[in-house]
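Engineer: what's the 3D shape of this:
(2 chains)
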There are 2 protein chains.
Amino acid sequence: MNFLEERIIKDGIVKEGNVLKVDSFLNHQMDISLFEQMGEEFKRRFSDKPINKILTIEASGIGIACVVAKYFNVPVVFAKKSKSINIEGEMYIAEVESFTHKCKNQVIVSKKFLNSDDKVLIIDDFLANGCALQGLISIVNEAGGTVEGIGIAIEKGFQSGGRIIRNLGYQLESLAIVESMDAANGTIQFREQ
Amino acid sequence: MNFLEERIIKDGIVKEGNVLKVDSFLNHQMDISLFEQMGEEFKRRFSDKPINKILTIEASGIGIACVVAKYFNVPVVFAKKSKSINIEGEMYIAEVESFTHKCKNQVIVSKKFLNSDDKVLIIDDFLANGCALQGLISIVNEAGGTVEGIGIAIEKGFQSGGRIIRNLGYQLESLAIVESMDAANGTIQFREQ
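Structural biologist: As a prediction, the model looks like this:
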């Protein structure tokens, strides 16, 4: 097991309905030392890619992306989920459906911050059905940029998002891929990588 | 002028209605090197405080908080603005009014991640009327913790938030305090610190 799988076993909580709670270290309270380990590991896995920007989505992707960005020495852009009066001018907009919130959101990035020169690493905390990720990829493509890679903390391997993205030919690196979980006894099986 | 004031002069854009757009480096695209300078400076200003946790609020506070946290070697907790099905159990809830979104939000933190032992540094990107900040302070107090300090990137000194918080006796450190802005010619005056 790698460092993230070990942490999930130690502090993650399996709930009914295939819910994995990691809010004590990943997406409500955040362990910055863990995020630094993730940054080192993503840098290793994407070492051959000419990445000049990291793209993530609010809210829980932002912290990971900002710590990971230090290892690539690039700026971070985060997509917003609804239109703020503080975003103005031309925007890229993609429709996505959220698994956790059970509603449709717009994913929005100002056209000022993505263009055809951009070689983008997409970072997010979770990948399940992959709708948010599809929205981010759509926006990079619309900008004429290149998705150089996708770095995810935890993928739910029993949902379709990861398979679809890999089928599309993207280099998707998930630090932990959960194959199955059992809420009755709290066990988690990870995919061998 | 300090490093942040210089950056605001260089890349900030003054808009009608006392709007200062800093989305190219602070709250949409994010310059991680700048955030590291902010972390160093906050560490200097709060060097005598026994801080064991950083508290911020989604979404644009998260990136700054996570980079700043490295300088304090503490975890970050971010408050959520609406109830997610992924937050469960007991929660601290405060009502706040947002200046930019012109609506009321709930500020929510799980009770698991704030308690009476916590010595908290609150971090956020902007301080204007201070409603979000008041909600965060309220939550720390409800938890029985201590607000050791408040670190803000940009304070709008012509709005009341900063004065109220300082009147209440908190150590509020804003790296740039805008005294006035003029959209007609794009000038910005900072308060001498």
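
Engineer: drop to CA atoms for contacts and neighbour counts, all remaining ones
Structural biologist: Fine.

Engineer: Just the strands from chain A, written as ranges.
Structural biologist: Using DSSP state E, the strands found in chain A span residues A:13-15, A:19-21, A:29-30, A:53-57, A:76-79, A:91-97, A:104-110, A:119-127, A:146-156, A:172-182, A:187-190.

Engineer: gap between the third one and the chain center?
Structural biologist: Okay, so that is strand A:29-30. 16 Å (CA atoms, centre = their mean, to the nearest Å).

Engineer: related to what we said a few turns ago, let's have the strands of chain A in TSV, adding distance to chain B, mean pLDDT and mean neighbour count.
Structural biologist: Putting the strands of chain A into TSV (distance: least, CA to the nearest CA, whole Å; pLDDT from 0 to 100; neighbours: other CA atoms under 10 Å in any protein chain shown) gives the following:
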stretch	distance to chain B	mean pLDDT	mean neighbour count
strand A:13-15	11	96	18
strand A:19-21	8	95	18
strand A:29-30	4	98	24
strand A:53-57	9	98	26
strand A:76-79	4	97	30
strand A:91-97	12	86	19
strand A:104-110	8	88	21
strand A:119-127	13	97	25
strand A:146-156	15	98	23
strand A:172-182	17	98	20
strand A:187-190	19	97	15
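
Engineer: Spatially nearest residue to the spatially most central residue of chain A, not counting backbone neighbours?
Structural biologist: With distances taken as CA atoms, centre = their mean, the residue of chain A nearest its centroid is residue A:124 (1.5 Å). Residue nearest to residue A:124 in three dimensions, not counting chain neighbours: residue A:61, with 4.6 Å by CA to CA, 6 or more residues apart in numbering or on different chains.

Engineer: With residue A:118 instead?
Structural biologist: Using CA to CA, 6+ apart and skipping the chain neighbours, the partner closest in space to residue A:118 is residue A:145 (4.9 Å).

Engineer: list the contacts for the one you found?
Structural biologist: Applying CA atoms under 8 Å, 6 or more residues apart in numbering or on different chains, one finds that residue A:145 lies in contact with A:114-120.

Engineer: Pull out the buried members of those.
Structural biologist: Among the contacts of residue A:145, those that count as buried by neighbour count (16 or more other CA atoms under 10 Å in any protein chain shown) are A:114-115, A:118-120.

Engineer: pLDDT value on residue A:81, please?
Structural biologist: pLDDT, residue A:81: 87.

Engineer: ok, it - contacts?
Structural biologist: Residue A:81 sits in contact with A:57-58, A:105-108, where contact means CA under 8 Å, 6+ apart.

Engineer: could the residues you listed go into CSV alongside distance to residue B:179?
Structural biologist: Formatted as CSV, the contacts of residue A:81 follow (distance: CA to CA, whole Å):
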residue, distance to residue B:179
A:57, 33
A:58, 30
A:105, 37
A:106, 35
A:107, 34
A:108, 31
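
Engineer: And those residues, which is closest to residue B:48?
Structural biologist: residue A:58 (32.9 Å; CA to CA).

Engineer: ok, back up a step: from what I can see the residue nearest to residue A:124 touches residue A:127, true?
Structural biologist: No - look at residue A:61 against residue A:127 with CA atoms under 8 Å: they stay out of range, at 11.0 Å.
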